[in-house]
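Engineer: Mind looking at a prediction? Sequence and model below.
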Amino acid sequence: MIFRQFLYPDTGCAAYLIGCAGKARCAIVDPQLHDIETYLQSARRYGMQITHVIDTHIQADHLSGNRRLAELSGGAVLGLHASASAAFAFTALNDGDELDLGNVRAKVLHTPGHTSESICLLVTDKTRGPEPWMVLTGDTLFVGDAGRPDFGGEEGAQHLYHSLHDKLLSLPDYIEVYPAHFAGSACGRGMSGKPVSTIGFERRFNPALQPRAMDEFVQFMTADTPAKPDGFNAIIETNLGLRPAQSLASSQV
């Protein structure tokens, strides 16, 4: 398996490349518009074709490069969860769907809470074994925190509770956690500057994952949320395809 993490410290964001050099297939997850050439170069370096471009949710703090990257990759699948209300054509992903990346398999987990269309990707390297190795958690689970659920109100926090406890915490402790954000992002309150962890470490030390009733979890997760990211509404509208990216691109460089 080829795995690369692209970190953007200024905004606390992360994007990912996962793929199989032997079968020459890879996916880019949560790409940023300003860094398209980096993803293309990385795929070329390993002789891989970008076959899938996936956003774990509709981003609110940066411009997504999903449409541009899919176009430049020669028709890569552009995937979002089926519930995403995007104004452009995309491949609808549902819970349990699997992305075929040669010897790498990525299983879609629908994990609503931060947003209704949030997903995680459970990744298996079939050359190493049949069990999953890592999970790309998007904005559902961070290192030291969980995704802010206030965009969906109390119902969003309730969905997040089930996504964390019924989906992610059901995974083995050895599973590596790779989130879409780390310290510096406004998508959480107390996330770590370390952009990788494990389910076991988070289960033990992450304040958002400590045992508590759902109503206590809702109160905990909706208290003291940070201000919304600059340009929040405009970025979401752009990433939904409701306005052109050119009007905001300069502010994202």
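Structural biologist: Cool, got the structure.
Engineer: Tell me which residues touch A208, please.
Structural biologist: A208 is in contact with L141, D145, A146, L164, F217, F220, M221, counting by CB atoms under 8 Å, 6 or more residues apart in numbering. Backbone N, C-alpha and C define where each C-beta goes, glycine included.
Engineer: Which of the residues you listed sits closest to Y46?
Structural biologist: L141 (28.0 Å; CB to CB).
Engineer: The nearest residue to the closest one once chain neighbours are set aside - how many residues pack around it?
Structural biologist: Closest residue to L141 apart from its sequence neighbours, by CB to CB, 6 or more residues apart in numbering: L168 at 5.5 Å. Neighbourhood size, L168 [other CB atoms under 10 Å]: 23.
Engineer: what are the phi and psi values for L168?
Structural biologist: The phi and psi values for L168, taken as degrees, to the nearest 10, are phi -70, psi -40.
Engineer: Run through who's touching stretch 222-241.
Structural biologist: For stretch 222-241, contacts defined as CB under 8 Å, 6+ apart pick out 55, 58-64, 67, 85-88, 148-150, 154, 157, 186-187, 189, 243-245, 247-248, 251.
Engineer: Report the contact partners of the residue lying closest to G190 once chain neighbours are set aside.
Structural biologist: What sits nearest to G190 in space, not counting adjacent residues and going by CB to CB, 6+ apart, is D145, at 4.9 Å. Neighbouring residues of D145 by CB under 8 Å, 6+ apart: G188, R189, G190, M191, S192, N206, P207, A208.
Engineer: By neighbours, which of these wins?
Structural biologist: Going by other CB under 10 Å, G188 tops those with 26 neighbours.
Engineer: all strands of the stretch 1-150 of the chain, in order?
Structural biologist: Under the criterion DSSP state E, counting those that start in this stretch, strands of the stretch 1-150 of the chain are mapped to 2-8, 13-20, 25-29, 49-54, 77-81, 91-93, 98-101, 104-110, 119-125, 134-138, 141-142, 145-146.
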